[in-house]
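Predicted structure and sequence below. I'll ask about it afterward.
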Amino acid sequence: MNLHFITNVQLKNIIGKDLINNDNIAILELVKNAFDANAKRTDISFVNLVNLIYNYLTICR
């Protein structure tokens, strides 16, 4: 059974800001989600941390 629903784009901002208000906690939550999903491997890459304009984080399961 497929369920479809439409939400406002701001919903993630409203929900997310109250749940996770710290970058470290956000990363920890992503790792915990991978564990909960029984991921056999989780790769975390912090890319270009020296340059604050072009840095990013990649998490792959």
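Cool, the structure landed.

low-confidence ranges in the chain?
Low-confidence segments of the chain, defined by pLDDT under 70, span residues 1-9, 11-20, 46-49, 51-61.

give me the element Ser45 is part of.
Using DSSP states H and E, the element containing Ser45 is strand 43-47.

How about the secondary structure of Arg41?
Following DSSP: H, G, I helix; E, B strand; the rest coil, Arg41 is assigned to coil.

neighbours of it, just the number please.
7 (other CB atoms under 10 Å). Using the backbone N, CA and C atoms, a C-beta is placed for each residue, glycine as well.

Look up how far Lys32 lies from it.
15 Å (CB to CB, to the nearest Å).

Please apply the same query to Thr42.
Thr42 is 10 Å from Lys32, by CB to CB.

Settle it for me: which of those two has more neighbours?
More crowded of Thr42 and Lys32, by other CB under 10 Å: Thr42, with 14 against 10.

measure the residue nearest to Ala34 when sequence neighbours are not counted to Ile25 for me?
For Ala34, ignoring the flanking residues on the chain, the nearest one in space by CB to CB, 6 or more residues apart in numbering is Thr42 at 4.1 Å. Distance, Thr42 to Ile25, by CB to CB: 17 Å.

now do Lys40
24 Å.

Tell me which of these two has more neighbours.
Ile25 (11 against 6).
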